[in-house]
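Asker: pasting a predicted model and its sequence here:
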Number of protein chains: 2
Amino acid sequence: MSNYYQGTSRHLVAVDCVIFGYEDDLLKILLFPRRVEPAQGEWSLMGGFVDENESIDDAAIRVLQLTTGLTNIFMEQVKAFSDPLRDPGARVISNVYFALIRIDRQDTNIIQAHGAKWWPITQFPPLIFDHNQMVAVSLSRLQMKAGLNLIGHELLPDFFTLRMLRKLYEAIFQRPLDPGNFRKKVLSLNVLQKSANKDKTHSKKGSYFYHFEKKEKQDNGNFIFKL
Amino acid sequence: MSNYYQGTSRHLVAVDCVIFGYEDDLLKILLFPRRVEPAQGEWSLMGGFVDENESIDDAAIRVLQLTTGLTNIFMEQVKAFSDPLRDPGARVISNVYFALIRIDRQDTNIIQAHGAKWWPITQFPPLIFDHNQMVAVSLSRLQMKAGLNLIGHELLPDFFTLRMLRKLYEAIFQRPLDPGNFRKKVLSLNVLQKSANKDKTHSKKGSYFYHFEKKEKQDNGNFIFKL
DNA sequence: ACAAAAGTGTTTTCTCTACACCCATGA
DNA sequence: TCATGGGTGTAGAGAAAACACTTTTGT
């Protein structure tokens, strides 16, 4: 084997996770007070370093598991942030992931042990380093994904009303959507199954709960919503 | 400053570039015979390691400059490939970029000095490691981008016919496009300026040359073509 | 009875698509 | 004049948007 690889720089490589959740009709992100210097105590995304023998995907999965107690989370690589000066503590190349989790399923103890807090995407404190930018890029990636596929499975409880799904999309795209048109569009995709029960908390009439059909015949390739 | 960053693994970080060009009505990629072991002599993307004090963007720009002689190239980060075993020579995390260059502007000497060769995207030799996958992901990213913005500025000569632009899109999406509809759609974007000259090589009547207007008022946010 | 949200239907507008058809010109 | 690609026009399908209207039920 050659020594081609010798004499070249080696880098600290990290992952940072933009963790999205949905609660109280609001799209939220999970933020943590940073435990170490520099910028100790300030709000940041949760991250961690990539180990010798794991892929960065695996590193992100590990970080998510440690911070939320959840496995099998939907998650997608966003992009790498690599300005040599982005982290004043050291030269760290960070790979950003966005994750979608169901807040109702998280392990509250683990979350609290980290001092983590859910913040609305429309109103969260300033973040360290380039983490604000990471959130912004992740949100637009989430919008892109939500326009391509019907998400909700990843963010809502098993059973949800069309109102909830619409509110979720309104939170993601940050604009109101016509209830009637939304309903027609979503149901035309034939991936939702109506249940027998109704949610009566928001209206006298009540709205039916739906849930996602088992086998995902998704990836229709067409856009659901204009962005 | 804390020693939080100590004791963590350091990694070789590389960039690999999927270089797209357009020639003879074909979308092509630029491939290189690998100069070092392992897999010496086999076809691969051009890549290089990220130095201590450069961003990975800068590393990609540097690699592009070294291999094509071009600066100021359009280029976009695609994703990181990080399987610990992806490179049998060492554990290397590679960030893939796709670049769009005008073949007519490249520095032929530099290209030839590397033994590089342009291959049609529809027919190129097997590549080393996970480079085939890198090309596949980059192509679909290119399709996404071409559907969002009108590209062509990055791949075509300054003056081009609508035929050329259409052929480019046909090459990118790998399907025929209706000439009349394509013309109407593209011209409705109001970013092309008709010139006085005609190209008579493809028809007796000749087709006008167009060029992109100076100030890009692009990013209309809407899709140009269904994917 | 009424208010309020769930749910349905209708109308208008816009875009995509297919395809017919005219135009210009070199051979 | 005729074949060929350039360029224009048009009719139909389908989707999106706007919005009127009906249903249900707790208060």
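Answerer: Great, that's in hand.
Asker: where's the residue lying closest to A:Lys200 once chain neighbours are set aside relative to A:Leu165, distance?
Answerer: Of all residues not flanking A:Lys200 in the chain, A:Gly206 sits nearest, at 4.2 Å (C-beta to C-beta, 6 or more residues apart in numbering or on different chains). The way it works is simple: take the backbone N, C-alpha and C, and place the C-beta from them, glycine included. Using C-beta to C-beta, to the nearest Å, we find A:Gly206 at a distance of 16 Å from A:Leu165.
Asker: the more surrounded of the two?
Answerer: A:Leu165 (20 against 13; other C-beta atoms under 10 Å in any protein chain shown).
Asker: ok so, going back, so who does the residue nearest to A:Lys200 touch?
Answerer: A:198-200 (C-beta atoms under 8 Å, 6 or more residues apart in numbering or on different chains).
Asker: also A:Val137?
Answerer: A:78-79, A:96.
Asker: one more time with 6 Å, if that's ok
Answerer: Applying C-beta atoms under 6 Å, 6 or more residues apart in numbering or on different chains, we find A:Val137 in contact with A:Val78.
Asker: pLDDT of the helix or strand encompassing it, averaged?
Answerer: A:Val137 is part of helix A:131-148, with elements assigned from DSSP states H and E. Taken as a whole, helix A:131-148 has an average pLDDT of 96.
Asker: same check on stretch A:99-106?
Answerer: pLDDT averaged over stretch A:99-106 gives 93.
Asker: how about the longest strand along chain A and chain B, any contact?
Answerer: In chain A, taking DSSP state E as the definition, the longest strand is strand A:10-23. Yes: using C-beta under 6 Å from any C-beta of the partner chain, strand A:10-23 comes into contact with chain B via A:10-11, A:13.
Asker: list phi and psi for the residue nearest to A:Lys200.
Answerer: Dihedral pair for A:Gly206: phi 80, psi 150, per degrees, to the nearest 10.
Asker: sorry, back to before: neighbouring contacts of the longest strand of chain A?
Answerer: Residues contacting strand A:10-23 (C-beta under 6 Å, 6+ apart): A:28-30, A:45-47, A:49-50, A:56, A:59-60, A:63, A:90, A:92-101, A:103, A:134-135, A:138, A:155, A:168, B:10-11, B:13, B:93.
Asker: that one: how far from the chain's middle?
Answerer: Centroid displacement of strand A:10-23 relative to its chain, using C-alpha atoms, centre = their mean, to the nearest Å, is 10 Å.
Asker: mean confidence for it?
Answerer: 97.
Asker: what is the subsequent helix or strand relative to it?
Answerer: Taking DSSP H and E, what comes next after strand A:10-23 is strand A:26-33.
Asker: give the contact list for A:Arg86.
Answerer: A:Arg86 is in contact with A:129-130, counting by C-beta under 6 Å, 6+ apart.
Asker: domain map for chain A?
Answerer: According to automatic domain parsing, chain A comprises the domains A:12-148, A:162-218.
Asker: can you tell me which of those is packed in deepest?
Answerer: domain A:12-148 (a mean of 18; mean count of other C-beta atoms under 10 Å in any protein chain shown).
Asker: picking up where we left off before, please report how far the residue nearest to A:Lys200 lies from chain B.
Answerer: 38 Å (C-beta to the nearest C-beta, to the nearest Å).
Asker: where does that residue land on pLDDT?
Answerer: Looking at A:Gly206, its pLDDT is 94.
Asker: quick check: it vs B:Glu76, distance?
Answerer: A:Gly206 sits 48 Å away from B:Glu76 when distances are taken as C-beta to C-beta.
Asker: was I right about A:Ala171 contacting A:Lys28?
Answerer: No: using C-beta atoms under 6 Å, A:Ala171 is not in contact with A:Lys28; the gap is 8.8 Å.
Asker: any idea how far the residue lying closest to A:Ala90 once chain neighbours are set aside is from DNA strand C?
Answerer: Once flanking residues are discounted, A:Ala90 sits nearest to B:Tyr5: 4.3 Å by C-beta to C-beta, 6+ apart. Distance of B:Tyr5 to DNA strand C, computed by C-beta to the nearest atom of the strand, to the nearest Å: 50 Å.
Asker: fine by me, thanks again.
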